[in-house]
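J.: Sharing a model that was predicted from the sequence below.
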Amino acid sequence: MTALLKISNLRKTFGGVTATDDVNLDVEQGELHAIIGPNGAGKTTLISQLSGGQRPDSGKVLFKGADITNRPGYARAGLGITRSFQITSLVMDMSVLDNVALAVQARDGHSFRFLRPARGIAHLRDTGRAMLDKVGLLDRADEPTAALSHGEHRQMEIAIALASDAELMLLDEPMAGLGPEESATMVEFLKSLKGERTILLIEHDMDAVFALADRISVLVYGRIIATGSPLEIRGNIDVQHAYLGEE
Amino acid sequence: MDYALLFIQTLNGLQLGLLLFLVASGLTLVFGILDFVNLAHGSLYMLGAFICASLTFLLGNFLVAVVVALPLTGVIGYLVERFIARPLYARDHLDHVLGTFGLILVLDTLTHLIWGPAGIAIPLPVWLDGQVNLFEGVVVPIYRLLIIVTGLATAAGLFWLVNYTRLGMLIRAGASNRTMVAALGIDIQTLFALVFALGAMLAGLAGMLIAPISEASIGMGNNIIITAFVVIIVGGIGSMKGAFIAALVIGLIDTLGRSYIDDAFKLFMPSDAAETSAPAVSAMLIYIIMAVILAVRPQGLFPPKVR
Amino acid sequence: MFLTKRSSRITLVVMALLLVMPVVFYNTGNEFYLDLATRLVILGIAAVSLNLVLGYGGLVSFGHAAYIGIGSYAVGIPVYHEFYGGFESVASTNGLFQIGLAVGLSALFALITGAISLRTKGVYFIMITMAFAQMVYYLFLSLDEYGGDDGLVIEMRSQLPLVDLDNPIELFLLCYVSLAISMLIVRTIIHSRFGMVLQGAKGNNERLITLGYNTYLYRLTAYVISGAMCGFAGALMGNFSSFISPEMMGWSRSGELMFMVILGGAATTMGPVFGSIAFILVEEVLSSLTIYWHLPFGLMLIGVVLFARGGLMGILRGKGD
């Protein structure tokens, strides 16, 4: 296996607070790599630096060997990186299908096309529907996004990540705010993606993480204190301290 | 070069800059704390001038009139806050702009109804109406010096208010964290109304100060409001320090640009070409400077830290 | 997103009335109403162009009157030089040249100012577009050769093939057809893939960037298209009024255009047209009643903002609140 994503010496501070402190991390091709850590450990900040939402102060991010540290967000998507958001981020005043179709449209290259009605373009709609079908939202396709429940919004986030056909999916707490049943469905679904896509998963739900992850990294106060298989992490004294010290 | 003229023009630029600061500080205060865009801020400037004009004739003294007119413009500011701004806080900036645009029409027409269509000149007390010989060849109207002194004193007062008083602390806290202020048990509605009234008084004061020079007239606010916008855009919206520096810079550049750009152009182009292009360029100068600054720093020179 | 059946029927009726009534009025000796309709239709084009960025793009441009000014001076200045000499390279009464100039210069101005304004967000954008428009206002104010504050009489209307703009009916029909075409253009654009990106970025810009769209470029493109269309409306306005002055691009004019869009219903095909009809009619009625008509007018505008958020289209669809 080779590293699809290679993070080296990444550092980011916000006015004296170090959110990312010298992070080194390799995400191998095809693995599901989870990042866990107590609240405020800097998990979302880390994802943002990978997706281009924030620029690191120093350090490097390599994707497929190419330096993307300072590439703008939209360019990273073109290279094959997509993310979901911890706080649902969808276009609320568009339909469910429109949201997903926009993701399909994005991978066709630029959209400076002014004439044909986008809603009449079969492959955008069909691929969009197929993605909605995968997450079980096909029957809601034509509803306004705002009309869907929180759980369905989380599923939409995944459908959009799938539709963008990215090699690397950065998933920021896909289970946040889901009930037990919905969570179980989501775990099953993410399991079915294993091997197909490389996933960097941030999650608080430990059962889910240990059920899904090939490898786990533990982030505490912006530092990675351990990386290993679920079994190794479970037995790691430092990790236990970090969590026990926190709670 | 005529240094006496340069000195006088610099004083004029300083005067314009300080008046701009009075208008812009209210705008930036209201925007920074209430997140509210008040297009009608210029109408408050105009109302200040008209109220002061009437009071000058009623009370017989300009300075007394200013003292009485200030709280009155504050009350008008409070009413605007209560009936127009407050219902719009929860809306987006577009609605703020549209609502206060309607308010401009209303206030301008009311002014027309009350004071008539013509401008009103305000007589100055005799001791203010003269000129003073600062040094050899430099004669300055006393009143202009008064404007500059008042402007600087108000600026100093504002800095003291914002940085060293309880109200200022609340204002700063409110700008960065509304819920926190509310959690402290402060009546945020009253705080907002006070800030709005303060902004109105600052704009009104600027209108009162300029009125003896250029008279109180309908539409006077609609010209200065855009320049005040340029000031707070350049300074960083919500920043008092930014508004102060940008106001002085814009005031000086505008005044000096109008006086000296044709001379500057004559250095590198034929003099008739310079004379035709200079007015056009000096008319656009502050906007060009705004564009250049924004191209480099989209958030202005001193963007507030938390937004 | 699509017009409901009821509102599309109303659209057809209103557009038909807008075509037929002024012509009937004109032929029965009420020339005034044809003039009113022509002005209304021209402002309608400007409002439709503004709606592309304001309604569908969520970009609150408070400077669209500048394009009306640029467009009308692009007619007036060539005619001026044709009649009074000087500036040989632009002197012309050729309408195609003038319209080309109007559209080209407006697009260029939109490109330059848009490139700077779109780097900023929210309230900055509102104020900066306003400031740039004011810059154009002061520019023309300072140009004494073209009348400065006093404005400029256009000695001759644009010379165009097929239509004679000195004939009020033909001028009206040209404006009407232009309005219909602009509505069609905007409608086509917003349903296209480009339009989906533009509207998506209005709803959630961060999401669209994450999907891989450089939304800045899409917005800038929409802004340039909008500016060019509005410049075209300006060229028509110059021909209609035969007199141009900086006052046409004062910031209150930009505010009025915004109100037309919001009053009618932003992000709808017909909204801006409804808005300009309502705006012009109310203005006309009120100003015939009293010289203080800005007072009730202003109160009405405040009322619309406070109480009728969906605009007229919203009320038609039964979701105005």
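T.: Noted; the coordinates are in hand. Remember, it's a predicted structure, so these values are computed and weren't measured experimentally.
J.: any idea of the pLDDT on residue 163?
T.: Let's take chain A. Looking at A:A163, its pLDDT reads 90.
J.: think we crossed wires, I meant chain C
T.: 93.
J.: try B:R178
T.: Taking B:R178 on its own, its pLDDT is 65.
J.: Likewise for B:V138?
T.: So B:V138 comes in at 82 (pLDDT).
J.: burial measure for it, as a count.
T.: Residues lying near B:V138 (other CB atoms under 10 Å in any protein chain shown) number 15. Every residue, glycine included, has its C-beta placed from N, CA and C.
J.: Phi, psi for it please.
T.: Phi and psi for B:V138, reported as degrees, to the nearest 10, are phi -110, psi 100.
J.: so is the nearest residue to it once chain neighbours are set aside in a helix, a strand, or just coil?
T.: Sequence neighbours aside, B:A4 is the residue nearest to B:V138 in space, at 4.8 Å (criterion: CB to CB, 6 or more residues apart in numbering or on different chains). Under DSSP: H, G, I helix; E, B strand; the rest coil, B:A4 falls in the helix class.
J.: Tell me, how many residues neighbour B:A4?
T.: 14.
J.: which ones are touching B:G257?
T.: Neighbouring residues of B:G257 by CB atoms under 8 Å, 6 or more residues apart in numbering or on different chains: B:V281, B:S282, B:L285, B:I286.
J.: Kindly state the pLDDT recorded for the closest residue to the third one other than its chain neighbours?
T.: Right, the one you point to is B:L285. Of all residues not flanking B:L285 in the chain, B:G257 sits nearest, at 4.3 Å (CB to CB, 6+ apart). B:G257 carries a pLDDT score of 90 in this model.
J.: how far away is B:G257 from chain C?
T.: Distance check for B:G257 against chain C: by CB to the nearest CB, to the nearest Å, it reads 12 Å.
J.: in chain B, what secondary structure element scores lowest on mean pLDDT?
T.: helix B:178-183 (a mean of 66; mean pLDDT, DSSP states H and E).
J.: Please pull up the helix or strand immediately following that one.
T.: helix B:188-214 (DSSP states H and E).
J.: tell me which residues of that next one are tucked away?
T.: By neighbour count with 16 or more other CB atoms under 10 Å in any protein chain shown, helix B:188-214 contains the buried residues B:188, B:191-212.
J.: shaky segments in chain B?
T.: Within chain B, the segments meeting pLDDT under 70 span B:1, B:173-186, B:305-307.
J.: on that earlier part again, possible to save the contacts of B:G257 as TSV with secondary structure, neighbour count and distance to A:M94?
T.: Converted to TSV, the contacts of B:G257 look like this (DSSP: H, G, I helix; E, B strand; the rest coil; neighbours: other CB atoms under 10 Å in any protein chain shown; distance: CB to CB, whole Å):
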residue	secondary structure	neighbour count	distance to A:M94
B:V281	helix	17	46
B:S282	helix	23	48
B:L285	helix	19	44
B:I286	helix	25	41
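J.: How about the contacts made by the residue nearest to B:V138?
T.: B:E136, B:G137, B:V138.
J.: quick revisit: how about JSON lines for the contacts of B:G257, with distance to C:R6 added?
T.: Output for the contacts of B:G257, formatted as JSON lines (distance: CB to CB, whole Å):
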{"residue": "B:V281", "distance to C:R6": "54"}
{"residue": "B:S282", "distance to C:R6": "55"}
{"residue": "B:L285", "distance to C:R6": "53"}
{"residue": "B:I286", "distance to C:R6": "50"}
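J.: what's the burial count for residue 77?
T.: Since no chain was named, I'll use chain A. 25.
J.: actually chain B
T.: Neighbours of B:G77 (other CB under 10 Å): 30.
J.: Pretty sure it sits against B:M201.
T.: Yes: judged on CB atoms under 8 Å, B:G77 makes contact with B:M201 at a distance of 6.7 Å.
J.: if we can go back for a sec, element containing the residue nearest to B:L285, please.
T.: helix B:240-266.
J.: Run through the strands of the chain in chain order.
T.: In the absence of a named chain, this looks at chain A. For chain A, the strands defined by DSSP state E occupy A:3-14, A:17-28, A:32-36, A:58-63, A:66-67, A:81-83, A:168-172, A:198-202, A:215-220, A:223-228.
J.: I was after chain B.
T.: B:131-135, B:138-141.
J.: Point out the most buried one among those strands.
T.: strand B:138-141 (a mean of 15; mean count of other CB atoms under 10 Å in any protein chain shown).
J.: So which other helices or strands are in contact with that strand?
T.: helix B:3-34, strand B:131-135 (3 or more CB pairs under 8 Å, 6 or more residues apart in numbering or on different chains; DSSP states H and E).
J.: Can you lay out these as CSV showing distance to C:A201?
T.: Below are those laid out as CSV (distance: least, CB to CB, whole Å):
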stretch, distance to C:A201
helix B:3-34, 24
strand B:131-135, 57
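J.: out of the ones you listed, nearest to B:P117?
T.: In terms of CB to CB, the element of those nearest to B:P117 is helix B:3-34, at 23.6 Å.
J.: Which one of the strands of chain A lies nearest to B:Q299?
T.: Once the strands of chain A are compared by CB to CB, strand A:3-14 is nearest, at 16.5 Å.
J.: and the angle for that closest one with strand A:58-63?
T.: 150 degrees (axes from the mean of the first three to the mean of the last three CA atoms, to 10 degrees).
J.: Quick one: distance of strand A:3-14 to the chain centre.
T.: For strand A:3-14, the gap between its own C-alpha mean and the chain's C-alpha mean amounts to 16 Å (CA atoms, centre = their mean, to the nearest Å).
J.: Output the contacting helices and strands for that strand.
T.: Counting by 3+ CB pairs under 8 Å, 6+ apart, strand A:3-14 packs on strand A:17-28, helix A:43-51, strand A:58-63, strand A:198-202.
J.: B:L128 touches B:L146, doesn't it?
T.: Yes: B:L128 is within contact range of B:L146, at 6.4 Å (criterion: CB under 8 Å).
J.: Near C:N94, how many other residues are there?
T.: 15.
J.: Please name the nearest non-neighbouring residue to it.
T.: Closest to C:N94 by CB to CB, 6+ apart is C:Q159, at 5.8 Å.
J.: what about residue 212, how many residues close to it?
T.: I'll assume chain A. Count around A:L212 with other CB under 10 Å applied: 22.
J.: Correction: the question concerned chain C.
T.: 26.
J.: Same question for B:L98.
T.: B:L98 has 25 nearby residues by other CB under 10 Å.
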